[in-house]
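# predicted structure and sequence below. I'll ask about it afterward.
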Amino acid sequence: MDFVARLRGFLDERSILIDAADQDRYLHDWRNRHHGRALCVVLPRSTQEVAAVLRLCSEHGVPVFPQGGNTSVCGGSVPSEGGEGVVVSLERMNALREVNPRNNSMTVEAGCVLATVQEAARAADRYFPLSLGAEGSCQIGGNVATNAGGTSVVRYGNTRDLVLGLEVVLPDGRIWNGLRALRKDNSGYDLKNLFIGAEGTLGIVTAATLKLFPLAKTVLTAMFALDDIHEVVLLGERLQKQFAGELVALELMSRSELEIVLRQIPGSHCPLGDRGQWQLLIELTSAADADTLTEQLNACLEGALAGGAVLDAVVASSEKQRAQLWHVRHHVTEGNKREGMGLTHDIAVPVYRIPAFIEQAGAMLQARYPGVEVVIVGHIGDGNLHYIGMLSHEAWQGVEDKPGYQQRLAHDLYDIAVPMGGTFSAEHGIGSLHVDEMERYKDPVEVDLMRQVKRMLDPKGIMNPGRVLPRHD
């Protein structure tokens, strides 16, 4: 009996996609930069069905490519080009198993869309802080698998910091039920952290227990215009000190990035006009009332405004104005996609090194890559910069060796960031795009330890092969 016939023994016909047209949206990423093929796409409805699929794949040695909302920008959720593997989409596993406001926790299945989780938390008078531009389509399983970051990391941390427990199907089909809702559990190894950020290479996350927080009395959102990146970082430090525990977001946009969004995304508006080479978007949450929080912010900014470091500022006075400010920030990726070919780099350096990196990287690009526009958006509270080399679609078509060009540019940037104590992948993960960088920039002992973990949990190497770890035959 062949493999697909055996799948039909425990999955209904609607859960197995064979035709190319039915499979299409699962075989490429949303930016249409990574493409693959699959023997079939399966859409299980339960953890038990995922377990049955993995047992069968293990028995036959069939590669497994787990997929959530398919919003990855590193190729991690797209199958390989060989067509010999199975895409396991978790989109039908989207139940909210439990919302427990008394414990400030909720348990959700991996296919739950992030925005749905946020809304369910609000309905229970609670707050789930993970927030990113793709929140309307990305899924919790993918967020966990990539240890997603987003705009609230400065206050709440990455996804890893928001997960209390996991349910995971292992490569051999066994189910590990680690759905604990405890803040403290020191009874042995913390296994959940093996799977958070593993990008589906060690197993498939099927459910997660997440931390919730009380809803804040006051949310204050503001945007500032500045010309000097050194002053931007100093202002960020001042805000973090003044509003310890209240500063949720500290987001940076270059003038070039802002103008792309204004050009490409309908409904976009910048209340600061054309002032400032840098825009700093902040959000505070507090138990204080809005007037008190606004007065505290004005006092914090007084010196920077008087001295000219901050050229202009706006504080959202309504939920509509707040949404307009975030609209600009959350549409940068879509704007860049429409504008041209954005060679995106997910760099992080220590926060105080941000100005030095931007200056050195800008000089390097000007000298070695004329015609490439620098576009920057970042989370400066945690040192993460999405440093983008933007080319028009026409200019990109004129590049003969596109993969070589992209790799040279990336390595030139990483060669600046890594000696500063930085990284080539801050929050997007490795996927298939950055596998070579793992051996180029990571400590050999670290890579070897990762390989040992991979061999222990996935001895047949069927889980998301070609992702995260370099091949080592």
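Perfect, thanks for sending it.

# what's the distance between residue 316 and residue 348?
Counting by C-beta to C-beta, to the nearest Å, the gap between residue 316 and residue 348 amounts to 28 Å. (Glycine included, C-beta is placed from N, CA and C.)

# ok, residue 406 to residue 412 distance?
In this structure, residue 406 and residue 412 are separated by 11 Å, where distance is defined by C-beta to C-beta.

# swap that for residue 220, please
On the measure of C-beta to C-beta, residue 220 and residue 412 end up 40 Å apart.

# one more: residue 106?
Applying C-beta to C-beta, one obtains 44 Å for the distance of residue 106 from residue 412.

# returning to what we had before: which one of residue 316 and residue 348 is surrounded by more residues?
The neighbour count for residue 316 versus residue 348, taken as other C-beta atoms under 10 Å, is higher for residue 348 (24 against 19).

# confidence score at the more buried one?
The pLDDT attached to residue 348 in the predicted structure is 97.

# that one against residue 422, yeah?
Yes - proximity of residue 348 to residue 422 meets the contact threshold set by C-beta atoms under 8 Å, at 5.5 Å.

# between these two, what contacts are shared?
By C-beta atoms under 8 Å, 6 or more residues apart in numbering, residue 348 and residue 422 have these common neighbours: residue 383.

# go ahead and flag the most central residue of the protein.
Nearest to the centroid of the C-alpha atoms of the chain, with distances taken as C-alpha atoms, centre = their mean, sits residue 148, at 3.9 Å.

# got the contact list for that residue?
Residue 148 makes contact with 130, 132, 138, 142, 158, 159, 427 under the criterion C-beta under 8 Å, 6+ apart.

# can you pull out the low-pLDDT segments for the protein?
Applying pLDDT under 70 to the chain flags residues 1, 472-473.

# domain assignment for it?
Per automatic domain parsing, the domain ranges recorded for the chain read 3-89, 96-214, 218-332, 340-420.

# the nearest residue to residue 211 once chain neighbours are set aside: how many residues sit nearby?
Nearest-residue entry for residue 211: residue 162, 5.0 Å, with adjacent residues in sequence omitted and distances by C-beta to C-beta, 6 or more residues apart in numbering. By other C-beta under 10 Å, the residues close to residue 162 number 21.

# tell me the spacing between residue 162 and residue 196.
The gap separating residue 162 from residue 196 is 10 Å, by C-beta to C-beta.

# now residue 298
For residue 298, the distance to residue 196 (C-beta to C-beta) stands at 40 Å.

# before we move on, what about residue 426?
Looking at residue 426 against residue 196, where the rule is C-beta to C-beta, the gap reads 15 Å.

# correct me if wrong: residue 283 contacts residue 248.
Yes - using C-beta under 8 Å, residue 283 and residue 248 qualify as a contacting pair, with a distance of 4.7 Å.

# and residue 383, how many neighbours?
As a burial measure, residue 383 scores 24 neighbours (other C-beta under 10 Å).

# dump the residue contacts of residue 198.
Neighbouring residues of residue 198 by C-beta under 8 Å, 6+ apart: 145, 468.

# ok so it is a strand residue?
No - counting by DSSP: H, G, I helix; E, B strand; the rest coil, residue 198 is not part of a strand but coil.

# what distance do you get for it to residue 467?
Residue 198 sits 9 Å away from residue 467, taking C-beta to C-beta as the criterion.

# follow-up on the earlier one: need the overlap of contacts for residue 283 and residue 248.
Listed as contacting both residue 283 and residue 248 by C-beta under 8 Å, 6+ apart are residue 151.

# quick one, what contacts the spatially closest residue to residue 114 that is not a sequence neighbour?
In space, not counting the residues next to it along the chain, residue 114 is nearest to residue 135; the distance is 4.2 Å by C-beta to C-beta, 6+ apart. Residue 135 makes contact with 113, 114, 115, 118, according to C-beta under 8 Å, 6+ apart.

# quick one: classify residue 135 as helix, strand or coil.
Here residue 135 is recorded as coil under three-state DSSP.

# gap between it and residue 339?
22 Å.

# again, but for residue 11
If you go by C-beta to C-beta, the gap between residue 11 and residue 339 works out to 42 Å.

# buried residues in stretch 288-307?
Within stretch 288-307, the residues that qualify as buried by neighbour count (16 or more other C-beta atoms under 10 Å) are 288, 293, 294, 296, 297, 301, 304.

# show me where the stretch 351-473 of the chain has its helices.
Remark: helices assigned in the stretch 351-473 of the chain by DSSP state H, counting those that start in this stretch are 354-368, 393-397, 402-417, 435-441, 444-457.

# tally up the residues packed near residue 192, please.
Burial of residue 192, expressed as a neighbour count using other C-beta under 10 Å, amounts to 22.

# before we move on, the earlier item: show me the contacts for the residue nearest to residue 211.
For residue 162, counting by C-beta under 8 Å, 6+ apart, the contacting residues are 128, 129, 130, 156, 210, 211.

# now for the residues you listed: which two are most distant?
156 and 210 (11.3 Å; C-beta to C-beta).

# which one of those two is surrounded by more residues?
More neighbours surround residue 210 than the other of residue 156 and residue 210, with 25 against 19 (other C-beta under 10 Å).

# list the helices and strands whatever helix or strand the more buried one lives in packs on?
Residue 210 is part of strand 204-211 when elements are defined by DSSP states H and E. Strand 204-211 sits against helix 47-60, strand 105-109, helix 140-146, strand 163-169, with contacts defined as 3 or more C-beta pairs under 8 Å, 6 or more residues apart in numbering; DSSP states H and E.

# so which of these is nearest residue 389?
Ranked by C-beta to C-beta, the member of these that lies closest to residue 389 is helix 140-146, at 22.9 Å.

# and that closest one, C-alpha only, in PDB?
Coordinates of the C-alpha atoms in helix 140-146 are reproduced here as PDB (Å, rounded to 0.1, in the frame of the first residue of the first chain):
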ATOM      1  CA  ILE A 140       0.500  30.700  17.400                       C
ATOM      2  CA  GLY A 141       2.300  27.500  16.400                       C
ATOM      3  CA  GLY A 142       4.500  29.400  14.000                       C
ATOM      4  CA  ASN A 143       5.100  32.200  16.500                       C
ATOM      5  CA  VAL A 144       6.300  29.500  19.000                       C
ATOM      6  CA  ALA A 145       8.300  27.700  16.400                       C
ATOM      7  CA  THR A 146      10.200  30.900  15.400                       C
END
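
# nothing else from me, thank you.
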